[in-house]
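A.B. asks: Pasting a predicted model and its sequence here:
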Amino acid sequence: MQDTFIKYFHQTTCDNVVSADKMMVHARGPVWHRKQQVQGIIPKGLRGLDTDGTWSYSRSVGWVYGHGTFCLVACKNRMLGAFKWMRNSANEAKRLWWETGKLKGLITTVLMDSKADDQALFFELHRQRRMRLLTTARKGADKSPARQRMVRVLKQKKNQRLYQQRRYTVEPMQGLLKDIFELERCWMRGTENNRWLFAAMGVAVQMHQYRAWAAGHSTWAIKQEVLGR
């Protein structure tokens, strides 16, 4: 349902720039320490463990054991395009490739942080889908000719202005979903439970954002509507 909605939205609005990001959500219950997880050892007395959780790291929050979400936002109208479960330890650049494939011919530019600093992704998005990837190079990884080309593309003034949209599109959108659904921690345990639950959250936000957008109202002030208060 999320995919059908966002395709329709891009077709009707010509909103052709999207911003993408991954968010980590702490697992419900205790933490399964990495060494014990690798060995498949669950300590005695450790109850309520979500054994489907995985570890991932970000500079802003550090290491998190839990589940991930992949978020895609239409930049011009600041509309949620996708909010879906992904494995916390999974590669978000690969997920970006998968999700943007559904939008071929509808979007021209994709914005993502340095987790998408991937030469193959940069060139294949352009070659196969005519999409421009704007991402920052990882520290110390901008020396090769291919990455220098990526840097030059980002440094163009028009692309710099586009890239700044991440600050008021996908990043606050994730904050909005976290606030509405109190997603500092997963509501449920297990991959399948969180997969359908995150998808349902995404659909609920899309529905109310679209209603607000169509009425000329803010697509951000929807918390009370989503929660039915």
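C.D. replies: Cool, the structure landed. Numbering: from 1, shown residues only.
A.B. asks: packing partners for the longest helix seen in the chain?
C.D. replies: The longest helix of the chain (DSSP state H) is helix 191-214. On a contact count with 3 or more Cβ pairs under 8 Å, 6 or more residues apart in numbering; DSSP states H and E, helix 191-214 meets helix 2-13, strand 62-74, strand 79-86, helix 170-181, helix 223-227. In short, each C-beta sits where N, CA and C put it, glycine included.
A.B. asks: On the three-state scheme, the residue sitting furthest away from the middle of the chain is what?
C.D. replies: The outermost residue of the chain, judged against the average C-alpha position, is Lys44 (35.6 Å), by Cα atoms, centre = their mean. In the three-state summary, Lys44 is assigned as coil, counting by DSSP: H, G, I helix; E, B strand; the rest coil.
A.B. asks: Okay, it and Gly29: tell me how far apart.
C.D. replies: As judged by Cβ to Cβ, to the nearest Å, Lys44 and Gly29 stand 16 Å apart.
A.B. asks: Can you find the helix or strand of the chain with the lowest average pLDDT?
C.D. replies: Among the helices and strands of the chain, helix 145-155 carries the lowest confidence by mean pLDDT, DSSP states H and E, at a mean of 84.
A.B. asks: tell me which strands and helices the helix or strand just after it is in contact with?
C.D. replies: Counting by DSSP states H and E, the element after helix 145-155 in chain order, helix or strand, is helix 157-163. Of the remaining helices and strands, those touching helix 157-163 by 3+ Cβ pairs under 8 Å, 6+ apart are strand 109-111, strand 132-134, helix 145-155.
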